[in-house]
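Engineer: need coordinates for the below:
(one chain, ligands or ions: 1)
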Amino acid sequence: VGRTSSPDHVASRAALRKAARKPKRIAGPAQRLASLIFPQRSLVTNRELPGPGAIEPEHWSQLVFLGPPQCQRCGLAFGFEAEPRQLCAACLAHPPAYERARAALQYGDVSRGFVLALKRAGRRDGLALFAGWMHAAALDLAAEADLIVPVPLHYFRHVRRGFNQSVWLAAALSRRTNIRLCVDALVRRRATPSQAGLDPGARRRNVEGAFRARKSRKGRLKGARVLLVDDVFTTGATAEACAKALLRGGARCVDVVTLARVAGPRSVPI
Ligand SMILES: [Zn+2]
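Structural biologist: Numbering: from 1, shown residues only. Alright, predicted model coming up:
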C-alpha cells in the first residue's frame, strides 16, 4: 500500500488544510506583554524555551554579575576586600579620561551569547532585561547622569548592519532611568577595522582620535555629566577615546556603562 493511499495520510492532509483555513489564534494582551518581557527563545542559544524566561536555567549559574569590591575608576573586579575608593594599579599609574566604568556582567560564554544575540541576530527582546542589569551595576552613575550617549558605529558599518546595538542598549537604559538620550552626540570619523583579535596597543591606536563630538550637539554636551553606553568593555580603548571626544566637546564628566566587561585589567600605554 502506497503512502498516498493511507487513510491516515488523507486524514492528516485534511487536518492540515483545516488548520491552514483556521485563523491564527491572536495572543491576548497579557500574553503579548509576557512575551515581550520574557522572550520565548533563549538569548544564549536561540533555542525555543518551554516556559517563560530568557535564559536556560543551566546558563544562569554561569553568569557573573559584577560589583564591589572593584576599582573605583575602571570597575576592575578585585578578588579581595578593598577600601571603598580603592584604585587598581592601571588607574593609579594612568587615570582614564572617564570618571568611572561599570559593567553588568563578566564577559564569558553566556554573556557573549547575549552580545551576539544583539549584534549578529539583531534581537531586541533582551534589551529591557539587559538595561535592568546595567542600571543595577551603575546606580550611582545613573543617579548623577544628565545625558546618555551610545558609542557610535562608523556611518558605513551602521548602514551595512542596519542598526547599532549600543544605540539600542542606550535607548533601553534611557527608558528605564528617564535620563535624556542623545544618540548622535558622537561621530565615528574613521572606519576603524574591527577591534577583534587586536592586541591592547593596536586597539588603542585603532580608536585613537576616531571619535569627535558632533558640532550641532555641543550645546547639549556643555557642562553635562554623560553616561556613555557600549556593549562590551574590552581593553577600555574605545571608552577612553569616546570620553576624550565628549570632554573636548564640552562634557563636564564622562562615566561608562557596558553590558559586559572582559576580565582583567584595562590596558594602559607603556
Ligand atoms: Zn582601575
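Engineer: going by C-alpha atoms from here, please, whenever you check contacts or count neighbours.
Structural biologist: Noted.
Engineer: return the distance of A77 relative to A138.
Structural biologist: 14 Å (Cα to Cα, to the nearest Å).
Engineer: do the same with A239
Structural biologist: Applying Cα to Cα, the value for A239 to A138 is 15 Å.
Engineer: these two - which one has more neighbours?
Structural biologist: Each of A239 and A138 has its neighbours counted (other Cα atoms under 10 Å); A239 has more, 27 against 22.
Engineer: got a list of contacts for the strand or helix carrying that one?
Structural biologist: Using DSSP states H and E, the element containing A239 is helix 237-248. Contact with helix 237-248 is made by 96-98, 151, 186, 200, 203-204, 207-213, 221, 228, 233, 253-254, 256, 267, as judged by Cα atoms under 8 Å, 6 or more residues apart in numbering.
Engineer: let's see it at 7 Å
Structural biologist: Contacts with helix 237-248, where a contact means Cα atoms under 7 Å, 6 or more residues apart in numbering, come from 96-98, 203-204, 207-209, 211-213, 253-254.
Engineer: let me see the contact set for the most centrally placed residue in the chain.
Structural biologist: The chain has D231 as the residue nearest its centroid, 3.1 Å off, counting by Cα atoms, centre = their mean. The contact partners of D231, taken as Cα under 7 Å, 6+ apart, are V115, S166, T258, L259, A260.
Engineer: and these, which two are the farthest apart?
Structural biologist: Taking every pair in the contacts of D231 and measuring Cα to Cα, the maximum separation is 12.0 Å, between S166 and A260.
Engineer: mind checking the SS state of the closest residue to A138 other than its chain neighbours?
Structural biologist: Closest residue to A138 apart from its sequence neighbours, by Cα to Cα, 6 or more residues apart in numbering: R102 at 6.0 Å. Three-state secondary structure (criterion: DSSP: H, G, I helix; E, B strand; the rest coil) places R102 in strand.
Engineer: I figured R102 hits V254, correct?
Structural biologist: No - taking contact to mean Cα atoms under 7 Å, the distance of 11.9 Å between R102 and V254 leaves them out of contact.
Engineer: and C74, what's its pLDDT?
Structural biologist: In this prediction, C74 carries a pLDDT score of 97.
Engineer: one more: T177?
Structural biologist: Confidence per residue is given as pLDDT, and for T177 that number is 98.
Engineer: got the phi and psi for it?
Structural biologist: Summarising the backbone geometry of T177 under the convention degrees, to the nearest 10, its torsions are phi -100, psi -10.
Engineer: now do the SS call for the closest residue to it other than its chain neighbours.
Structural biologist: Take T177 and drop its neighbours on the chain: the residue closest to it by Cα to Cα, 6+ apart is A142, 7.3 Å away. Three states are possible here, and by three-state DSSP the one that applies to A142 is helix.
Engineer: separation between A142 and R175?
Structural biologist: In this view, A142 and R175 are 12 Å apart by Cα to Cα.
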